[in-house]
Structures are given as C-alpha cells and as structure tokens.
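> sequence below, structure please.
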Amino acid sequence: MDYDRLLDNLKHRGFLPQLLPNAAAARQAALDILGTRSVGFGGSATVRQLGLYEALQARGNQVWWHWHAPKEDKIPVERAAQAAEAFLTSSNAVLMDGRIVNIDGTGNRVAGLIFGPPVVVVIVGRNKIVDGGLDEAVARIRRECCPENARRLGLDTPCARTGQCADCRTRARMCNVVAIHEYPTRVAQAFHVLVVDEPLGL
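Numbers count the residues shown, from 1 in each chain. Coordinates of the predicted model:
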C-alpha cells in the first residue's frame with residue numbers, strides 16, 4: 001500500500017490526514033482531536049468497533065448518535081448531530097488520488113460531512129482504500145457495504161436478500177445518495193482523515 005502517495009494527495013486536496021498503525025492508535029488520535037467538543041456521529045461500523053461513543057460519553061463529551069436513540073427519536077438525534085461542534089464517522093471508500101466517496105440511504109452522514117460541524121473526523125481502515133477510479137469505488141461500496149448494512153437495518157431490499165446489488169427502485173435502498181468529496185467544503189474548518197493500517201468496518 002502506497003500510503004505516502006495517499007497522504008500526499010489528501011493533503012494537496014486540503015484534508016488533514018494521519019497514518020495510524022492500528023485501531024488503538026486511531027481511537028486515541030480521534031479522542032485527542034475531539035478534545036472536549038460536543039460530537040455528532042454518522043452511522044459507522046468502524047466507529048462502533050473502536051468504542052468511541054462510549055469513550056466520549058464516559059469522559060463527559062456531549063454526544064449524539066442515532067444508533068443509540070429510540071426509534072421515534074432517531075431523526076431528531078440525527079439533526080442534533082449536525083449542530084454539534086464536531087462530526088465523527090467513517091467513509092465507504094477513499095481513492096488513492098485523495099477523493100472520498102460515500103453512499104447513504106438517509107443522507108444524515110453525508111450531510112454532516114458536507115454542511116455539518118466545523119470539525120470533521122473520518123476514520124478509514126485500509127480495506128476502504130481503492131486504487132482506481134470512481135467506478136471502482138462505487139462498485140466496492142455496493143458490493144461490500146450496502147448489502148450488509150441493509151441486512152443490519154432489517155431492510156427488505158434485493159441486496160439484503162441476495163448480497164448482490166440489483167440497482168433496485170425503492171426508497172428503502174441503501175444507495176439513495178452518492179457524495180464525492182473532491183475537497184473539504186468551506187464549512188469544514190478542519191477535516192481530519194485517520195488512515196489505519198488494518199481493516200476496519202465494512
């Protein structure tokens with residue numbers, strides 16, 4: 001893996017990348033960046049794997065994550081997360097040229113990355129690095145991420161049933177929104193990308 005090329009390309013695009021050797025180092029780096037800020041979460045198996053919600057809550061940060069909210073409160077919590085001081089999540093794919101690609105069903109995660117809190121922290125394992133173009137990134141997401149996430153959410157979609165993307169015509173689908181970060185938006189004062197040299201999340 002050519003991490004030097006990836007980090008250089010992320011820097012040239014205006015992101016703030018770090019290379020971390022493992023999940024424990026990434027967890028600590030995220031906690032250091034977030035400090036005492038209030039934190040909104042985007043849905044992320046990577047962030048859950050690192051135990052960051054529990055760690056932030058335990059040390060007194062104010063946190064909003066719809067995965068920890070009752071069903072009737074999920075959308076209000078998602079909206080509250082957009083108004084936090086920092087936004088924490090992962091991404092579906094990072095291209096070697098420094099672009100970041102995400103696919104969302106609801107859109108709260110990409111909204112937080114595009115027009116959300118001024119500090120953003122994205123954690124990506126090496127399994128999400130794509131040495132190719134946008135077509136390869138989207139193919140990876142539809143192959144690796146969407147079917148598993150649809151199953152986790154209990155959605156009745158073809159990919160949940162078969163594990164294969166069928167480009168279905170239903171709003172229940174996982175891939176309603178595709179967002180490509182060429183650069184951080186002007187709303188994000190600091191967009192951190194923590195690249196971890198081990199597989200994390202989906």
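
> give me the mean pLDDT for the helix or strand containing Gln18.
Using DSSP states H and E, the element containing Gln18 is strand 16-20. Strand 16-20 shows a mean pLDDT of 98.

> now swap in stretch 128-138 and tell me
Here the average pLDDT along stretch 128-138 is 94.

> CA atoms of that stretch as CSV?
Taking Å, rounded to 0.1, in the frame of the first residue of the first chain, the C-alpha atoms of stretch 128-138 are listed here in CSV:
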residue,chain,number,x,y,z
LYS,A,128,-11.6,1.0,2.2
ILE,A,129,-8.7,2.4,0.1
VAL,A,130,-9.4,2.0,-3.6
ASP,A,131,-6.5,2.1,-6.1
GLY,A,132,-8.8,3.0,-9.0
GLY,A,133,-11.4,5.5,-10.1
LEU,A,134,-14.9,6.4,-9.1
ASP,A,135,-16.5,3.4,-10.8
GLU,A,136,-14.3,1.1,-8.7
ALA,A,137,-15.1,3.0,-5.5
VAL,A,138,-18.9,2.8,-6.1
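
> quick revisit: strands paired with the strand holding Gln18, and their directions?
Pairing partners of strand 16-20, with direction, according to DSSP bridges: strand 190-196 (parallel).

> send me the strand it pairs with as CSV with only the CA atoms.
Only the C-alpha atoms of strand 190-196 are listed here, as CSV (Å, rounded to 0.1, in the frame of the first residue of the first chain):
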residue,chain,number,x,y,z
ALA,A,190,-10.7,21.1,9.9
PHE,A,191,-11.4,17.8,8.0
HIS,A,192,-9.2,15.1,9.6
VAL,A,193,-8.8,11.7,7.8
LEU,A,194,-7.3,9.0,10.0
VAL,A,195,-6.0,6.2,7.8
VAL,A,196,-5.5,3.0,9.7
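
> got a list of contacts for it?
Residues outside strand 190-196 that contact it (C-beta atoms under 8 Å, 6 or more residues apart in numbering) are 3, 6-7, 10, 14-23, 25-26, 29-30, 33, 94, 100, 118-126, 129, 184. No exception for glycine: its C-beta is placed from N, CA and C like everyone else's.

> secondary structure element holding the closest residue to Gly43 other than its chain neighbours?
Once flanking residues are discounted, Gly43 sits nearest to Arg109: 5.8 Å by C-beta to C-beta, 6 or more residues apart in numbering. Using DSSP H and E, Arg109 sits within helix 108-115.

> do Leu10 as well
helix 3-12.

> list the buried residues in that helix.
For helix 3-12, the buried set under the neighbour-count rule, 16 or more other C-beta atoms under 10 Å, comprises 6-7, 9-10.
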